[in-house]
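Enquirer: Sequence and predicted model, in that order:
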Amino acid sequence: MYRILTLVIVLGLATAASAQEWDFLSWHKVAVGGDLTKKISLSVEQQLRLNENSLRVDQTFTEVALGYDLPKGFSLTGAYRFSWSQDETGSFFNRHRYNIDLNYGKKFWVLKAKVRARFQHRPSTYTINERLEPEESPVFVRLKLAIDFAKLKKWTPGIAFESFFRINSPLENGANKFRYRAYLERDLPRRQGLGMFYMLETDYSSITPAFVSVIGVNYTYEWKRPKKKKKKEKE
């Protein structure tokens, strides 16, 4: 299975290279996280994203997320992102973004399905009323479905599909951006993990559709929640 996913990634890169109107990006992530309590978790990640055939920095950001487990496979996650990103003119600005996720996971047969509904807002960098600048302050609802296959020893292959719905622009109706992803993750010793993926992104929000190919490499570390010390019995 992982050989098939590797072949998909290679073919995707070849397609991106042959299609000159497509941009080729690379995303690199390091993430640390784990449980704080039985129901609350915390994660911190740092990302670097390159564009223009992965030769120029597009953005780098730090994101902090707090999760809370709900009954019957549901969970809530809130995240804040502080980024240094590029605008359409090529200038870099400090940007802020927050999102709230409702997650659901379910195992069946040798598969695990994961569904995520996300509300996402990136405030404008200007002090003017944001309602006058909708393009500078986009609001999205994102729906994502991911399916993990049974682990092949220490490997976990999977596929994912995500759609973006812009909700604060009267000119954009329905879903206008889509992501198709194939990924492969490997467990490493001491609660570490390494992953790679290939993603195709299509954007129909403008007159000229945009197509982007992305490859990514992720490193993760999960800390172990310390056990409470048992009180010594009185002699």
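Expert: That came in fine, so what should we check first? Residues are numbered from 1 along each chain as shown.
Enquirer: F161 is in contact with R179, isn't it?
Expert: Yes - the pair F161 / R179 is scored as a contact, 7.1 Å apart, by CB atoms under 8 Å. Glycine gets a C-beta too; all of them are placed from N, C-alpha and C.
Enquirer: Counting neighbours, go ahead and name the busier of the two.
Expert: The residue with more neighbours, out of F161 and R179, is R179; 18 against 13, by other CB atoms under 10 Å.
Enquirer: Whatever helix or strand K177 lives in - what's its average pLDDT?
Expert: Using DSSP states H and E, K177 maps to strand 175-188. Strand 175-188 shows a mean pLDDT of 94.
Enquirer: Pull out the buried positions in stretch 212-230.
Expert: Neighbour-count burial for stretch 212-230, with 16 or more other CB atoms under 10 Å as criterion, is recorded at 212-216, 218, 220, 222.
Enquirer: how far out from the middle of the chain is it?
Expert: Counting by CA atoms, centre = their mean, to the nearest Å, stretch 212-230 is centred 14 Å from the centre of its parent chain.
Enquirer: helices or strands next to the longest strand anywhere in the chain in the packing?
Expert: Longest strand in the chain, counting residues (DSSP state E): strand 92-108. If contacts are counted by 3 or more CB pairs under 8 Å, 6 or more residues apart in numbering; DSSP states H and E, strand 92-108 sits against strand 74-86, strand 111-121.
Enquirer: let's see it at 10 Å
Expert: strand 56-69, strand 74-86, strand 111-121, strand 139-149 (3 or more CB pairs under 10 Å, 6 or more residues apart in numbering; DSSP states H and E).
Enquirer: Report the angle between the first one and strand 74-86.
Expert: Meaning strand 56-69. 160 degrees (axes from the mean of the first three to the mean of the last three CA atoms, to 10 degrees).
Enquirer: Now do stretch 27-40: distance to the chain's middle.
Expert: 13 Å.
Enquirer: go on, stretch 26-44?
Expert: For stretch 26-44 - counting by CA atoms, centre = their mean - the centre lies 12 Å from the chain centre.
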